[in-house]
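> Predicted coordinates and the sequence they were generated for:
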Amino acid sequence: MKNMLTITWYSLREAMARKVFISFFIISLLTIILVALILNMAGFVKVFTSGTQNNFTEAFTTMEMMFISPITLIGILMSIFSSASFIPIMLEKGNIDLLLSKPISREQLLVGKYLGGVLVVFINIALLIIGVWLTFSIKFSVWNFGFLLTIFTITFTFSILYSIIVLLGIATKSSAPGMMIAYLIFLIVSPVLYSAKYKLGVFIQSSLIKGIVDFVYYLFPKTSELMGKTTYDLATGSGITNYQPILTSFGFLILTLGIAVVIFRKKDF
Amino acid sequence: MNFNAIETSSLSKVYSSAFGRRKIEALTNLNLIVKPGTIFGFLGPNGAGKTTFVKLLLGITFPTSGGAKILGEDISEYKMKSKIGYLPENHKYPAYLKGSEVLDFYGKLSGMEGINLQKKIDELLDLVKLTQWKKTKVKAYSKGMMQRLGLAQALLNEPELIFLDEPTDGVDPIGRKEIRDILLELKSRSKTIFLNSHLLSEVEQITDRVGILNKGKLIREGTVKELTQKREEYKLSLEGAAVDDINKNPDNDLHLTNIGDGYFNLKVSDSNELNKVLDMLRSKGIMIKEMVQQKDSLEDIFISLINESEKGAMK
């Protein structure tokens, strides 16, 4: 266990050395400054304070989400880009030989590295969201703690995509295939499957096609729902109304990571 | 220790290309025993399978068939690696770490921590003469410095068995001598050292036993003394008036060949013949100033064994 934590800790060090933290931090800081400037613009606050108390709370959260959604989207894209090379670098000749010569199991090594990547993104996302939350809360004197829970949904979404990067990184020793598939799932497959299931589903007559759509929908992770509805529900304090996207996506994560571990356990270096 | 440091039985490794169309036998039925507290030199040309052998023992690569034990434990048991040190060929350290941080990282992975680890790091950096570079990032290190840091890394956990793959690669002659001295000191502390090297003269100087590998097969194994056997061949320095006569009228009974500078080569079948020749020389009034029995160097043996093995493979 200690060995695994050492790997996780040094993944953070690697991220710091590769300027992942500082890049993220600068973007977060600029975002927070931008949010603060917009909130101080004359007339902007009036729009949100003119309604009833109920309307105000909803409008307030919507406004928070309006700022945070595009930023976290960019954050996820950046995280995929910055963490994709962690595994291929670990597998480089001369590096992996040394790691595997130490008393650490291959499972611990891989999971430690995976957790390191997730932790890097968790810290960055947390800094960004806490910064934006503080700016809003101080400005409006409304302390919506539910908003902070979005740190976990966004990190969870990344952890699913990162499991794909890890699997393909182990299988191909390259960062490109994992990055491409992660982007494809995040930007195209997941939103398209969500639309096919819930928006276009009513127009599909064939039960076979419906079955195929359902199968593919449940097979793939629901990153667009996690980043959309689940995150919004938590931010507004409604709680999680549908656990299905979380559970099936978690199943996908475990399966993907499990396959990565099985391949890694048998691989010659 | 009542078990062998290394014990392999019919250890084999076949690498297959994608879809198994092409197979490369990297190691074939290798049986080897390395006794504890010895320095074992593993020799072979490039691609002979030396590094594959070490990787198999360390669980970096998996055997196709056969098995092996290290310090009495099966190689599939990863926890036994806490008793092992390893310096791979072409090792790569995280470039963003400083020398002392590299050792801290690998020390922690070996299960060390706290003050003990820090003390050990300082001690080893001093041993490999890198103390003044400990706060420098390793990306600024020269090849020789990286090798010395690698050696320190391999010794961090006070291992009982140390695998060194080309440890003096890129190290200057003084550094090589220092590394040799470190290895001999380790041996005096009953550590077992498994040394992969191309530098035959170096291996000859410090190893107790040597194994020669070619195309994945162990073609000879023994002590350096056994391998570099003395021949019934002597180099003589002779002096006296009759020496010119020998040159002018070579006597077949004397078995002498002039090799220049007053030296002669003498080939005999046994000691009796040697004594007869010496008596004959003395009877001619020739003074024997110097006589050295000839023996093969490890390099001679290595080249001849590899050539024999290649010829055998051609047939």
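Received, thanks. Numbering: from 1, shown residues only, chains lettered A, B, ... in the order given.
> what sits against the residue in the stretch 151-269 of chain A that chain B sits nearest to?
Closest to chain B within the stretch 151-269 of chain A is residue A:268: 4.3 Å, counting by Cβ to the nearest Cβ. C-beta here means a position set from N, CA and C on the backbone, and glycine is covered the same way. By Cβ atoms under 8 Å, 6 or more residues apart in numbering or on different chains, the contact list for residue A:268 reads B:15, B:55, B:60-62.
> Now the buried members of those.
By neighbour count, with 16 or more other Cβ atoms under 10 Å in any protein chain shown, these hold B:55, B:60-61 as buried.
> out of the residues you listed, which touch chain A?
B:55, B:60-61 (Cβ under 8 Å from any Cβ of the partner chain).
> mind listing which of the buried ones among the contacts of residue A:268 are in helices?
Within those, residues falling in helices by DSSP state H are residue B:55.
> Where does pLDDT dip in chain B?
B:1, B:247-254, B:313-315 (pLDDT under 70).
> Helices of that one, start to end?
So, for chain B - with DSSP H - the helices run B:50-57, B:99-109, B:114-127, B:143-155, B:173-188, B:200-206, B:224-227, B:242-248, B:271-283, B:298-314.
> How about the contacts made by the nearest residue to residue A:229 once chain neighbours are set aside?
Once flanking residues are discounted, residue A:229 sits nearest to residue A:242: 7.3 Å by Cβ to Cβ, 6 or more residues apart in numbering or on different chains. Contact analysis of residue A:242 by Cβ under 8 Å, 6+ apart lists A:225, A:229-230.
> and residue A:242, helix, strand or coil?
Of the three states, residue A:242 takes coil according to DSSP: H, G, I helix; E, B strand; the rest coil.
> So what does it have for phi and psi?
Per-residue torsions, residue A:242: phi -140, psi 110 (degrees, to the nearest 10).
> ok, it to residue A:234 distance?
12 Å (Cβ to Cβ, to the nearest Å).
> Next, count neighbours for residue B:95.
14 (other Cβ atoms under 10 Å in any protein chain shown).
> contacting residues for it?
Here residue B:95 is in contact with A:17, B:137-139 (criterion: Cβ under 8 Å, 6+ apart).
> out of these, which are buried?
B:137-138.
> Need the max-distance pair from the contacts of residue B:95.
Farthest apart among these by Cβ to Cβ are A:17 and B:138. That separation is 11.7 Å.
> Need the residues touching each of those two.
Common neighbours of residue A:17 and residue B:138 (Cβ under 8 Å, 6+ apart) are B:94-95.
> the helices in the stretch 1-150 of chain A, which residues?
A:2-17, A:20-39, A:44-49, A:53-83, A:86-90, A:96-100, A:106-140, A:150-172 (DSSP state H, counting those that start in this stretch).
> Can I get those helices in a markdown table including distance to residue B:44 and mean pLDDT?
A markdown table is the format used below for those (distance: least, Cβ to Cβ, whole Å; pLDDT from 0 to 100):
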| stretch | distance to residue B:44 | mean pLDDT |
| --- | --- | --- |
| helix A:2-17 | 33 | 88 |
| helix A:20-39 | 43 | 81 |
| helix A:44-49 | 76 | 60 |
| helix A:53-83 | 40 | 77 |
| helix A:86-90 | 29 | 93 |
| helix A:96-100 | 19 | 94 |
| helix A:106-140 | 28 | 90 |
| helix A:150-172 | 31 | 95 |
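> Quick one: closest of those to chain B.
Counting by Cβ to the nearest Cβ, chain B lies closest to helix A:2-17 out of these; the figure is 3.2 Å.
> List of residues touching that closest one?
Contacting residues not belonging to helix A:2-17 are listed as A:21-22, A:82-83, A:86, A:89, A:102-104, A:108-109, A:111-113, A:115-117, A:119-120, A:123, B:94-97, B:105, B:108-109, B:111, B:113 [Cβ under 8 Å, 6+ apart].
> ditto for stretch B:129-142
By Cβ under 8 Å, 6+ apart, the list of residues contacting stretch B:129-142 reads B:93-100, B:102, B:121-122, B:125, B:145-146, B:148-149, B:152, B:170, B:178.
> Give me the ChimeraX select line for those, limited to the buried ones.
Selection of buried members from the contacts of stretch B:129-142 for ChimeraX, criterion 16+ other Cβ under 10 Å:
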select /B:93,94,97,98,99,100,102,121,125,145,146,148,149,152,178
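> Could you give me the buried positions within stretch A:58-76?
Here stretch A:58-76 shows A:59-61, A:63-65, A:67-69, A:71-72, A:75-76 as buried, counting by 16+ other Cβ under 10 Å.
> Kindly reformat those residues as TSV containing distance to residue B:261.
Listed next are those as TSV, based on distance: Cβ to Cβ, whole Å:
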residue	distance to residue B:261
A:59	105
A:60	102
A:61	99
A:63	99
A:64	95
A:65	95
A:67	92
A:68	90
A:69	91
A:71	86
A:72	85
A:75	81
A:76	80
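> Contact residues of the stretch 101-250 of chain A facing chain B?
Residues of the stretch 101-250 of chain A lying near chain B (Cβ under 8 Å from any Cβ): A:101-106.
> how does it look with 7 Å?
Selection of the stretch 101-250 of chain A residues close to chain B by Cβ under 7 Å from any Cβ of the partner chain yields A:101-105.
> closest point of the stretch 201-315 of chain B to chain A, which residue?
Closest point on the stretch 201-315 of chain B to chain A, by Cβ to the nearest Cβ, is residue B:216, at 15.1 Å.
> In contact with that residue, which residues are there?
B:25-28, B:49 (Cβ atoms under 7 Å, 6 or more residues apart in numbering or on different chains).
> and residue A:232, what is it in contact with?
residue A:65.
> rewinding a little: how about the helices of chain B in a markdown table, adding distance to residue A:200?
Converted to a markdown table, these look like this (distance: least, Cβ to Cβ, whole Å):
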| stretch | distance to residue A:200 |
| --- | --- |
| helix B:50-57 | 53 |
| helix B:99-109 | 52 |
| helix B:114-127 | 60 |
| helix B:143-155 | 58 |
| helix B:173-188 | 70 |
| helix B:200-206 | 72 |
| helix B:224-227 | 78 |
| helix B:242-248 | 106 |
| helix B:271-283 | 100 |
| helix B:298-314 | 67 |
